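for reference, the sequence and a predicted model appear below.
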Amino acid sequence: MPGEVCAECGEPATRDTEFCVQCGAFLDWSRAEQESVEGGRTEPVAATAGGGPAGSSVAAAVTVPSTVPPPRDPEPARQTAGARVAGGLQEPAVRPMDPPPRQTIIQPAAVEPSPSGCRRCGTANPPELRFCRKCGLEFSPPRQATAWDARPRPRVPWWRRIFGGHRTPSERAALRAYRRSLPMRYRLIRIGVALLVLLLLVGAVIAGNRDPIGWAKARWYDFKGTVVPVRDITPTLDPAVDANPDFPPSFAVDGNEASAWATTWTGAGEPEGCGAPNTAAGLLLTFEQPVDLRRLVVRAGLPTDDVNRLAQHRPRVLELRFSDGECVPLTLTDTGEQQVVELAPVSTTSVRIDVVDVYLSDADGATFVALSEVELLQRPQG
């Protein structure tokens, strides 16, 4: 029926619709019918019978529908403003219309109704409707875009993206709700897979080292390159001969660079073991428990500012011999400054240091070769 529209928003509607599909307003069709009936009532008017004069005594009551509009005279509409004034007509004051207020049109999101229809009354509705045409249930409330939606997200580090640090609180809440909505069997499968992976990792660590905590610490120290000095070192001579009282073996590990250990340089002899020591004795350093050696810090010869440095031979090649029989040669420079030598990882209970080659002294009668300081560094234990 033409003219059947929503009184609130003007959306076209039909008689079988009780709520506006655009704004959700109630469509009161019974009130509209009542107004239509009242508008069709007739009122009696007096008219002369037979078309006689108005003063005739014979009159009849003729019913004329009140809804019939009077004849429209198009002539006034054609008159100009001047003609109207001349004819005594008052020109109504023209008021400029205010510009209509700006309105933000909110496009509702297209929400598919449930397969069975409206959740409240079960009426089938097209998917583009926002309100149910039978009971007025709102399928999806409008959402107005905000400035926050258009703001780009800040870039987060990769490790935060892996662990979900880039998610907003609403996204985390949605993810938790999604996980809770999963069937119980899927949730049990996810938990079981995570436990299986954890058990495999722990089993691999235990099988490889029998100490997962110590193994993890060792890997962390390897990653950081952490080393600490070896403590509780017992220095002796090998073979056990009488030490020079001015240069005892304890001076090599006392932490004082002004003191030194020295031994007699022979410059002859047959190779013994894995090297060819050419000194009267070697420096043997023994530890209370096995250590994981990684670095050697040494000062060859007397300190640089010592006037007797050039009066003695200076070590050129050292040989390190560990408790398992492995030997490692080290070449040094002719300087009294600290020299750092990186070692391949080795676990040992002792280190023997022999001088197998020297920078010869120009002084006549030089017999000694010295080491001012020796420091061994290991990975932290425990």
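Happy to help now that I have it.

strands of the stretch 151-300 of the chain, start to end?
228-229, 233-238, 261-264, 282-300 (DSSP state E, counting those that start in this stretch).

tell me what angle the second one forms with strand 282-300.
Which is strand 233-238. If you take axes from the mean of the first three to the mean of the last three CA atoms, to 10 degrees, strand 233-238 sits at 110 degrees to strand 282-300.

any weak-confidence spans in the stretch 51-200 of the chain?
51-116, 140-153 (pLDDT under 70).

Phe139 and Phe131 touch, don't they?
Yes - shown here, Phe139 and Phe131 form a contact pair, counting by CB atoms under 8 Å, at 7.1 Å. Quick note: C-beta positions are derived from backbone N, CA and C, even for glycine.

right, and the strands of the stretch 151-300 of the chain - which one's nearest Arg321?
Closest approach to Arg321 among the strands of the stretch 151-300 of the chain is made by strand 282-300 (8.0 Å; CB to CB).

buried set for that closest one?
282-285, 287, 291-296, 298-300 (16 or more other CB atoms under 10 Å).

including distance to Asn244, could these go into TSV?
TSV is the format used below for the buried residues of strand 282-300 (distance: CB to CB, whole Å):
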residue	distance to Asn244
Gly282	14
Leu283	12
Leu284	16
Leu285	18
Phe287	24
Val291	28
Asp292	33
Leu293	27
Arg294	31
Arg295	28
Leu296	23
Val298	19
Arg299	18
Ala300	18
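
now do the contacts for Leu377.
Residues counted as contacts of Leu377 (CB atoms under 8 Å, 6 or more residues apart in numbering) are 227-230, 293-297.

again, only this time at 10 Å
With contacts defined as CB atoms under 10 Å, 6 or more residues apart in numbering, Leu377 is in contact with 226-230, 291-297, 340, 342-343.

hey, what's it bridged with?
Pro229, Arg295 (DSSP bridges).

and Leu371, how far is that from Arg167?
61 Å (CB to CB, to the nearest Å).

Thr348 belongs to a strand?
Yes - checked against DSSP: H, G, I helix; E, B strand; the rest coil, Thr348 lies within a strand.

give me the number of residues near the nearest residue to it once chain neighbours are set aside?
Nearest residue to Thr348, sequence neighbours excluded (CB to CB, 6 or more residues apart in numbering): Phe322, at 4.0 Å. Phe322 has 17 neighbours, counted by other CB atoms under 10 Å.

show the pLDDT at Phe322.
In this model, Phe322 is scored at 93, pLDDT.

got the phi and psi for it?
phi -90, psi 170 (degrees, to the nearest 10).

who's it bridged to?
Counting by DSSP bridges, the residues bridging with Phe322 are Val351.

among the buried residues of strand 282-300, which two are most distant?
Asp292 and Ala300 (24.8 Å).

which stretch of helix or strand covers Pro315?
Following DSSP states H and E, one finds Pro315 within strand 314-322.

now do that strand against strand 233-238, angle only.
110 degrees.

elements contacting the helix or strand following strand 314-322?
Reading on from strand 314-322 to the C-terminus, the next helix or strand found by DSSP H and E is strand 327-331. For strand 327-331, the packing partners by 3 or more CB pairs under 10 Å, 6 or more residues apart in numbering; DSSP states H and E come out as strand 282-300, strand 314-322, strand 339-359.

as a markdown table, these with distance to Arg185 would be great.
Shown next, in a markdown table, are the helices and strands packed on strand 327-331 (distance: least, CB to CB, whole Å):
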| stretch | distance to Arg185 |
| --- | --- |
| strand 282-300 | 49 |
| strand 314-322 | 58 |
| strand 339-359 | 49 |
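
those: which one's closest to Ala124?
Where these are weighed against each other on CB to CB, the nearest is strand 339-359, at 76.3 Å.

that closest one - what's its average pLDDT?
Here strand 339-359 scores 92 as its mean pLDDT.

can you map out the helices along the protein?
With helices called from DSSP state H, the chain shows them at 29-39, 75-78, 81-86, 147-150, 158-162, 169-181, 184-209, 212-224.

domains in this structure, by residue range?
1-36+107-151, 228-378 (automatic domain parsing).
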